[in-house]
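K.L.:
Task: produce atomic coordinates for the following.
(one chain, ligands or ions: 1)
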Amino acid sequence: MSKKADAVIIGAGVIGAATAYELARKGYKTLNIDKLPAAGYGPTSASCAIVRAHYSSWDGVAMAYEGFFYWKDWENYLGVEDESGLAKYMNCGTLLLESQTGHHEKVLKHYRDVGVEYEEWSPEQLKERMPIFDTHAFYPPKRPDDPHFWDQSEDELMGAIYTPGSGYVNDPQLASHNLQRAAEAHGGEFLFRSTVSDIRRDNGRVTGVTLADGLEIDAPIVINVAGPHSDIVNQMAGATGDMKVRTKPLRHEVHHVPAPPDFDYDADGLHCSDGDTGIYFRPESGNHILIGSEDPDCDERQWVSDPDNYDRHVTEAQWEAQVFRLARRIPSLRIPNERKGVVDLYDCSDDWIPIYDKSDVGGYYMAIGTSGNQFKNAPVVGHVMAELVDRVEQGHDHDQDPVKVKCRYTDLELDMGFYSRLREINPNSSFSVNG
Ligand SMILES: Cc1cc2nc3c(=O)[nH]c(=O)nc-3n(C[C@H](O)[C@H](O)[C@H](O)COP(=O)(O)OP(=O)(O)OC[C@H]3O[C@@H](n4cnc5c(N)ncnc54)[C@H](O)[C@@H]3O)c2cc1C
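P.N.:
Sure thing, here's the model as predicted:
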């Protein structure tokens, strides 16, 4: 284990590992340091790993669309074998239900501008394709203790937007391991069970990191990909001074229920973004359904002050909120007695849009604020972060003249100024997991 690296990456989640792979491909000697025992063991492991393109901005849609092609081309993109096997892209397609949130209107415009393939479905087509769905509108989302939660509705949903290219990755932790192996094939190293406790600086530039056990690693570049610990790490680097957008951890529950027995949700189910009831859901192996929250206003947000200390148990109140909402959309759902699910943290930015940027400390960068919606983008983020780091290290003034990166698969051009720490809060954001 050397005590020098060209770039230390704090964190080995899916984005930390993707950043390592892309920098290693460029010839940087990378070292990822993670306090957990393996790649993707943190929040990445709890991710629903849904890959869809509906975001509130052109930039959000474009990056996610580019991401589709990495997952479809995973084996080629990695260019290595992994003794644990490769993560699989489950290309089930996405339904974005058209609801009174109006989110679909913003999204449609961006789909046309970016070139995302989509179909508009009428309520009749929706019923035909998903006969287990109740296509009534229940807006606004409510909690089960609301006396109107189970009210009958006379209103129909407006329809749905179907994107055939989207889906989910079956094993987000394995995807991180795949990226680790790909980075290692280009000389990248990984150090697990090791906590970065200090970021050393001299003359306004990073010089390396110190670990909790006292080991010092010298590096002219340090990249914060620490997920919900990102603000703590930024403070360690003294890099928060000029930031207009900050990050903080948000607790989130995902629940796991059997699909109705009369429908093969594994084979025929779709990922569905249901802003009308306030949930998203997708197929899970064994004819199950995973249910997450789209953060409706009626659900109190559970900000966490210490990312190492929060309640990791599924709560009855949130389980009922999410599972009962699904039971409104799929009335034949059988409500199980046992509550199953996972609880983890989003690293949420003030406007739910990530920060992929440099900082005012020389050599210190960040890929943070992923706000519960950036698993899908991990390989794209690896690419854009490697380009950004490389150009800034060669003297480019990214704050004045934001780096633009040409996408590998779609040829779209991503303006990294969109993700700047110096931006004003983006008023077009959905301020939810939809970004
Ligand atoms: C419940 C849930 C559901 C989600 N669903 C989706 C989805 O369907 N689709 C989607 O696109 N995105 C989703 N996301 C978001 C997505 O999973 C994240 O954006 C992504 O996994 C972030 O990866 P990362 O590499 O930045 O960080 P993380 O996975 O958060 O990893 C950060 C790592 O940094 C390490 N670390 C932190 N501090 C230190 C330190 N001081 N020293 C050493 N190591 C440190 C941690 O141990 C951790 O392993 C979801 C997230 C959650 C929590």
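
K.L.:
make it CA atoms for all contacts and neighbour counts henceforth
P.N.:
Noted.

K.L.:
Next, the residue sitting furthest away from the middle of the chain: phi, psi?
P.N.:
Of all residues in the chain, residue 154 has its C-alpha farthest from the mean position, at 35.7 Å, by CA atoms, centre = their mean. Per-residue torsions, residue 154: phi -90, psi -20 (degrees, to the nearest 10).

K.L.:
how much space between it and the ligand?
P.N.:
Counting by CA to the nearest ligand atom, to the nearest Å, the gap from residue 154 to the ligand is 31 Å.

K.L.:
what's the answer for residue 220, then?
P.N.:
Relative to the ligand, and taking CA to the nearest ligand atom, residue 220 is found at 18 Å.

K.L.:
Can you classify the closest residue to that residue other than its chain neighbours as helix, strand or coil?
P.N.:
Spatial nearest neighbour of residue 220, chain neighbours left out: residue 207 (5.2 Å); criterion: CA to CA, 6 or more residues apart in numbering. Judged by DSSP: H, G, I helix; E, B strand; the rest coil, the three-state class of residue 207 is strand.

K.L.:
surely residue 207 meets residue 200?
P.N.:
Yes - Residue 207 lies in contact with residue 200 (CA atoms under 8 Å); the separation is 5.5 Å.

K.L.:
picking up where we left off before, if the residue nearest to the residue farthest from the centre of the chain when sequence neighbours are not counted is in a bridge, with which residues?
P.N.:
If the residues on either side of it in the chain are set aside, residue 154 comes closest to residue 136, at 7.0 Å by CA to CA, 6+ apart. According to DSSP bridges, the partner residues bridging residue 136 are residue 156.

K.L.:
Contacts only, for residue 136.
P.N.:
By CA atoms under 8 Å, 6 or more residues apart in numbering, the contact set of residue 136 is 153-157.

K.L.:
Could you measure from the residue nearest in space to the middle of the chain over to residue 300?
P.N.:
Nearest to the mean C-alpha position of the chain, by CA atoms, centre = their mean, lies residue 374 at 2.2 Å. Distance from residue 374 to residue 300, counting by CA to CA, to the nearest Å: 22 Å.

K.L.:
can you count the residues close to residue 305?
P.N.:
Around residue 305 there are 11 other residues, counting by other CA atoms under 10 Å.

K.L.:
I'd guessed it sits against residue 232; true?
P.N.:
No - the criterion here is CA under 8 Å, and residue 305 misses it with residue 232 at 10.6 Å.

K.L.:
Wasn't residue 414 part of a helix?
P.N.:
No - assigned with three-state DSSP, residue 414 falls outside any helix and is strand.

K.L.:
Is it in contact with residue 61, as I believe?
P.N.:
No - in this structure, residue 414 is not within contact of residue 61 by CA under 8 Å, at 10.6 Å.

K.L.:
neighbour count winner among the two?
P.N.:
residue 61 (23 against 18).

K.L.:
Quick check: longest strand in the chain by residues?
P.N.:
In the chain, assigned by DSSP state E, the strand with the most residues is strand 247-258.

K.L.:
Now do the residue nearest to the centre of the chain against the ligand, distance only.
P.N.:
When distance is defined by CA to the nearest ligand atom, residue 374 is 4 Å away from the ligand.

K.L.:
That residue is in what secondary structure piece?
P.N.:
Residue 374 belongs to no helix or strand when assigned by DSSP states H and E.

K.L.:
And the buried ones among the contacts of residue 136, selectable in PyMOL?
P.N.:
Applying 16 or more other CA atoms under 10 Å to those leaves a buried subset, and the PyMOL line that selects it is:
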select buried, resi 157
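
K.L.:
Tell me the one of the contacts of residue 136 nearest residue 110?
P.N.:
Taking CA to CA as the measure, residue 110 lies nearest residue 157 of the contacts of residue 136, at 21.6 Å.
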